[in-house]
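Chemist: show me the folded form of this:
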Amino acid sequence: MSCVPKKQQVDKEMEESSIPSFIKDEKNKKIIELLNKNASNISNDSLIKIIRQLDFWLQEKQNLSESDSLELTQKLIDVTTWRKNNDITCPKVRFGKTELQMPIITCGSMRFQHTWMPDFVPVIGPSKKKVLQSPSQDNLTEVVRQCLKRGINHFETARMYGTSEIQLSQALQTLISQGEIKRSDFILQTKLPVVEDTKSFRKYFNQSWDVFEPLGHIDLLSFWCVSKPEHAGWALSDEKDSSMSMALQWKKEGKIKHIGFSTHGSTEVIMEMIESNKFEYVNLHYHFFGSYHAEGTVDGNGGHGNLACVKRALELDMGVFNISPVDKGGQLYQPSATVARLIGPKLSPIAFAALHSWETANMHTISVGLARPEDLDEVLDAAMLFNKEEMKPLLRAAEERLVNHSKQTLGKEWHEKSLLNLPSCFDESSAGLALGHILWCSNMIHAYGMYDCAHARYFMLEKTKWNYKKSFEDNIKAMQGGNPGRSYDESWDLTSALSNHFDPTTALEKIKEVHKLLSSKSKKSITSEERKEKGWEEAYDLRPWNEYPDTGVIMCNPLWVLVQNNFIGKWYYSGGGPTATSIETGNKLRNIVQDLPSCPV
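Modeler: The predicted structure follows:
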């Protein structure tokens with residue numbers, strides 16, 4: 001029997017196809033009653049997330065018992081009603097030698113700003129006045145407010161994050177002026193591009209300081225994107241007019257409090273920076289599913305990736321900040337069905353990633369790019385499990401299931417050795433190819449069905465261009481620090497580069513296969529049916545709407561930006577934010593749930 005409310009049965013907008021399948025199933029009566037009972041305490045965005053997760057988990061093939069289904073539903077409700085629970089506060093830990101009490105969750109500020117267009121671009125750059133009056137500013141301020149209410153008082157941004165700095169500074173100033181917070185209530189971090197030209201480094205700092213001077217000081221100043229060997233040389237230079245000497249002077253003047261670095265580089269570069277013992281903290285990638293651009297790069301201890309860097313940084317009493325385990329660690333707001341099933345319904349993939357960072361790797365804090373207040377749902381749930389004994393067997397069991405599945409699907413030897421003894425993109429034998437990164441993409445797909453994540457990562461590699469008429473050094477110099485390395489190039493002979501791999505023949509086959517699967521130039525794209533057949537489909541998407549700086553083609557077209565920003569006077573070029581469709585979806589789901597107090601019957 002259909003469970004469409006009588007008063008809406010003739011409403012064309014509430015057609016049968018718009019109702020989640022589990023709601024129409026009579027066996028889910030108690031689940032629907034739970035949702036109905038709690039709907040008034042759940043925002044529309046959180047309700048969308050709950051419905052999407054239940055629509056996945058209540059499929060017959062998940063084989064959940066009625067009691068497990070009810071437990072899951074209640075947990076999802078509890079996770080989203082943190083605004084009503086004053087006991088939910090993010091734990092804090094000592095952030096290494098900085099002695100700061102750091103929340104284990106950091107509000108990353110690269111998902112809620114208005115646009116990625118840099119605020120210093122002349123003519124076509126964003127209007128500060130219009131940005132600060134845009135809907136994105138209201139949303140950003142509310143994210144900051146809710147974070148502070150829950151003890152998440154570390155805000156991390158960067159000079160090159162579009163309008164992030166000016167919007168974050170304004171939000172904090174607003175909350176201070178309204179008496180909601182004091183300057184001592186939060187920790188502010190920004191990051192400056194590491195450059196050879198120290199005049200540019202000073203210019204970037206002055207731009208940031210102009211933005212943040214009303215807040216008195218910057219707590220944490222990072223050298224940003226220290227990813228290539230030359231970057232390390234610039235950052236570590238002891239010359240009189242070096243970037244480091246400038247940073248130390250700003251520290252002496254009280255403009256900044258602590259100096260660290262942030263990196264998307266190879267393990268060798270990161271370890272060199274850590275071993276210098278010149279920095280008080282490090283922002284780096286280490287995730288259960290891989291170390292981003294450090295994955296498959298030699299760690300100097302017979303392994304690969306950034307876990308060795310994490311351990312060494314902790315030994316040197318550095319603060320250790322994990323960059324983006326939710327996004328760069330596997331796009332876990334949009335997990336594959338395989339990953340969701342292996343982790344299980346008791347932990348969300350996002351909570352799993354957070355707990356792995358804190359419990360298994362002993363990292364101090366994780367950055368989460370919060371696009372909306374509801375993005376706090378899953379990470380606050382994880383924070384409430386921090387250091388709890390009942391969490392540990394859940395986490396260990398999930399880690400074990402994931403590892404065993406990888407060994408079964410890839411083969412034990414490939415699981416253990418596939419990313420060892422590979423040259424980084426900075427080794428001349430690789431001609432800039434990110435071999436470890438490419439094979440990591442292969443493993444993510446075949447072991448965990450993480451097609452979307454692998455596709456996004458490979459797309460970024462394809463952006464790196466290579467000119468064989470230029471020297472290797474010149475090509476590396478032109479390579480972006482944010483995404484070092486390039487995609488597969490059949491014109492380059494990889495015999496030498498793969499000579500130390502335990503199985504170079506298979507490695508080359510997999511590299512070619514990944515390129516065929518993921519390249520934007522591939523003649524054959526995989527269909528959704530093929531993905532489902534292979535177990536590569538997504539479980540659900542926890543993004544009720546695209547974040548504000550979801551610019552896509554718009555930001556990449558300067559003429560369009562010029563027209564939108566300077567003539568139309570709107571902020572459409574930001575590209576994201578709630579849409580009429582997303583708002584309507586939330587309202588429809590709320591109407592369905594609230595009008596079903598005792599249905600199905």
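Chemist: from here on, just use CA atoms for contacts and neighbour counts.
Modeler: Noted.
Chemist: distance of the nearest residue to residue 497 once chain neighbours are set aside from residue 507?
Modeler: Nearest residue to residue 497, sequence neighbours excluded (CA to CA, 6 or more residues apart in numbering): residue 429, at 5.0 Å. Between residue 429 and residue 507 the computed distance is 15 Å (CA to CA, to the nearest Å).
Chemist: ok, now residue 367?
Modeler: Distance from residue 367 to residue 507, by CA to CA: 33 Å.
Chemist: okay, these two: which has more neighbours?
Modeler: Looking at residue 367 and residue 507 with other CA atoms under 10 Å, you find the greater number of neighbours at residue 367, namely 23 against 20.
Chemist: number of nearby residues for the closest residue to residue 379 other than its chain neighbours?
Modeler: Excluding the flanking residues, the one nearest residue 379 by CA to CA, 6+ apart is residue 351, at 5.8 Å. Residues lying near residue 351 (other CA under 10 Å) number 22.
Chemist: tell me which element residue 351 falls in.
Modeler: In this assignment (DSSP states H and E), residue 351 forms part of helix 349-355.
Chemist: repeat that for residue 175.
Modeler: Following DSSP H and E, one finds residue 175 within helix 164-177.
Chemist: who does that helix touch, helix- and strand-wise?
Modeler: Contact partners of helix 164-177 among helices and strands, from 3 or more CA pairs under 8 Å, 6 or more residues apart in numbering; DSSP states H and E: helix 128-132, helix 135-149, helix 198-212.
Chemist: what's the most buried one of the ones you listed?
Modeler: Highest mean neighbour count of the helices and strands packed on helix 164-177: helix 135-149, a mean of 20 (counted as mean count of other CA atoms under 10 Å).
Chemist: picking up where we left off before, buried ones in the helix holding residue 175?
Modeler: For helix 164-177, a neighbour-count test (16 or more other CA atoms under 10 Å) marks 164, 165, 166, 167, 168, 169, 170, 171, 172, 173, 175 as buried.
Chemist: correct me if wrong: the second one contacts residue 159.
Modeler: What it means is residue 165. Yes: Residue 165 lies in contact with residue 159 (CA atoms under 8 Å); the separation is 6.7 Å.
Chemist: find the residues that touch each one of those two.
Modeler: In terms of CA atoms under 8 Å, 6 or more residues apart in numbering, residue 165 and residue 159 are both contacted by the residues residue 208.
Chemist: now do the lengthiest helix in the chain: distance to the chain's middle.
Modeler: Secondary structure of the chain per DSSP state H: the longest helix is helix 391-410. Its chain's C-alpha centre and that of helix 391-410 lie 22 Å apart, by CA atoms, centre = their mean, to the nearest Å.
Chemist: now do the same for residue 116: its pLDDT.
Modeler: With respect to pLDDT, residue 116 has a value of 86.
Chemist: relative to residue 468, how far out is it?
Modeler: Separation of residue 116 from residue 468 (CA to CA) stands at 31 Å.
Chemist: higher neighbour count, those two?
Modeler: Shown here are residue 116 and residue 468; by other CA under 10 Å, residue 116 has more neighbours (22 against 10).
Chemist: if you average pLDDT over the longest helix of the chain, what comes out?
Modeler: Rounded mean pLDDT across helix 391-410 is 98.
Chemist: show me the chain divided up by domain.
Modeler: 1-80+553-601, 92-387, 402-518 (automatic domain parsing).
Chemist: go through these and name the closest to residue 531.
Modeler: When these are compared by CA to CA, domain 402-518 sits nearest residue 531, at 8.3 Å.
Chemist: and the helices in the stretch 251-400 of the chain?
Modeler: 267-275, 307-315, 337-343, 349-355, 376-385, 391-410 (DSSP state H, counting those that start in this stretch).
Chemist: what angle do the first one and helix 307-315 make?
Modeler: Here the directions of helix 267-275 and helix 307-315 differ by 0 degrees (axes from the mean of the first three to the mean of the last three CA atoms, to 10 degrees).
Chemist: tell me what helix 267-275 is packed against?
Modeler: Counting by 3+ CA pairs under 8 Å, 6+ apart, helix 267-275 packs on helix 229-236, helix 307-315.
Chemist: so which residue is smack in the middle of this protein?
Modeler: Most central in the chain under CA atoms, centre = their mean is residue 327, positioned 2.6 Å from the mean C-alpha point.
Chemist: how near is that residue to residue 287?
Modeler: Using CA to CA, residue 327 is found at 10 Å from residue 287.
Chemist: also residue 349?
Modeler: Plainly put, residue 349 is 12 Å away from residue 287 if you go by CA to CA.
Chemist: sec struct for residue 107, please.
Modeler: Using DSSP: H, G, I helix; E, B strand; the rest coil, the secondary structure recorded for residue 107 is strand.
Chemist: ok, and the closest non-adjacent residue to it?
Modeler: Spatially, and ignoring its direct neighbours in sequence, residue 107 is nearest to residue 155 (5.0 Å; CA to CA, 6+ apart).
Chemist: still on that earlier bit, out of the helices of the stretch 251-400 of the chain, nearest to residue 514?
Modeler: Distance to residue 514, taken as CA to CA, is lowest for helix 391-410 among the helices of the stretch 251-400 of the chain, at 14.6 Å.
Chemist: that closest one packs against which elements?
Modeler: helix 337-343, helix 412-417, helix 435-448.
Chemist: remind me what whichever strand or helix holds residue 591 packs against, helices and strands.
Modeler: For residue 591, the enclosing helix or strand under DSSP H and E is helix 580-594. If you count contacts as 3+ CA pairs under 8 Å, 6+ apart, helix 580-594 packs onto helix 29-38, helix 44-57.
Chemist: quickly compare the helices of the stretch 251-400 of the chain and say which is most buried.
Modeler: By mean neighbour count, with neighbours taken as mean count of other CA under 10 Å, helix 349-355 ranks first of the helices of the stretch 251-400 of the chain at a mean of 26.
Chemist: which residues sit against that one?
Modeler: 287-288, 325-326, 329, 332-333, 335, 339-340, 343, 366, 378-379, 381-382, 386, 395.
Chemist: residues in contact with the longest helix of the chain?
Modeler: The contact list for helix 391-410, computed with CA under 8 Å, 6+ apart, reads 339, 342-344, 346-347, 352, 355-356, 385, 412-415, 443, 446-448.
Chemist: residues near the residue lying closest to residue 136 once chain neighbours are set aside, how many?
Modeler: Counting by CA to CA, 6+ apart, residue 114 is the residue found nearest to residue 136 once chain neighbours are left out, at 5.6 Å. Residue 114 has 33 neighbouring residues, counting by other CA under 10 Å.
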